[in-house]
Structures are given as C-alpha cells and as structure tokens.
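Take a look and give me a structure for this.
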Amino acid sequence: MNTGFTLADAEFLAELERDLAVSMAEVEKQLANWEPELAALTASLAAETIPEIEPLDIDFDW
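A predicted model of the protein is given here:
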C-alpha cells in the first residue's frame with residue numbers, strides 16, 4: 001500500500017486550502033457586515049421589559 005503523496009495530491013490540497021481561505025474571508029466579511037445589525041438588535045432586546053407571566057397551575061396525576 002502506497003501512503004506517499006503525489007504531485008496531484010499536493011495540488012489538490014493547495015487548491016483546497018485556497019478555496020477554504022476564500023470561503024473564510026467571505027464569512028468574516030459577512031459577519032463584519034452583520035455586526036452593527038446584531039448589536040442594534042441586542043440593544044433593542046435589552047431595552048424591552050419582560051412581561052410578567054403567571055405560573056400555570058397544573059396538577060399531574062401520576
């Protein structure tokens with residue numbers, strides 16, 4: 001069984017690494033674009049008061 005890498009393997013792994021780097025850059029860019037929106041959403045949720053909820057009166061007959 002041959003466990004060595006060939007030139008084709010090295011080229012494939014290099015291409016995979018480049019594709020991964022491009023994808024990660026796109027994700028980081030999108031996250032940076034969403035950050036102000038998420039910060040605003042978080043702030044608006046923090047400003048909301050939580051309504052009082054009455055506990056349910058449930059009897060279980062086991």
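
For the chain, which segments are assigned as helices?
7-47 (DSSP state H).

Poorly predicted segments of it, please.
When residues are selected by pLDDT under 70, those of the chain lie in 1-2.

if we go to 80?
1-5, 62 (pLDDT under 80).

neighbours of Glu15, just the number please.
10 (other CB atoms under 10 Å). All C-beta spots, glycine's among them, are computed from the backbone N, C-alpha and C.

same thing with Ala39?
10.

Enumerate every residue touching Asp19.
By CB atoms under 8 Å, 6 or more residues apart in numbering, no residues touch Asp19.

That one and Ala25: what is the separation?
Going from Asp19 to Ala25 by CB to CB, to the nearest Å gives 11 Å.

same question, Phe12
Phe12 is 21 Å from Ala25, by CB to CB.

Leu16 too?
Taken as CB to CB, the span from Leu16 to Ala25 is 15 Å.

One more: Asp57?
55 Å.

Repeat that for Leu13.
19 Å.

count of neighbours near Leu20?
Neighbour number of Leu20 under other CB under 10 Å is 10.

what's the answer for Ile50, then?
Counted with other CB under 10 Å, Ile50 comes out at 5.

ok, Asp57 and Ala25, which is more surrounded?
Ala25 (10 against 5).

what about that one, distance to Ala32?
For Ala25, the distance to Ala32 - CB to CB - is 11 Å.
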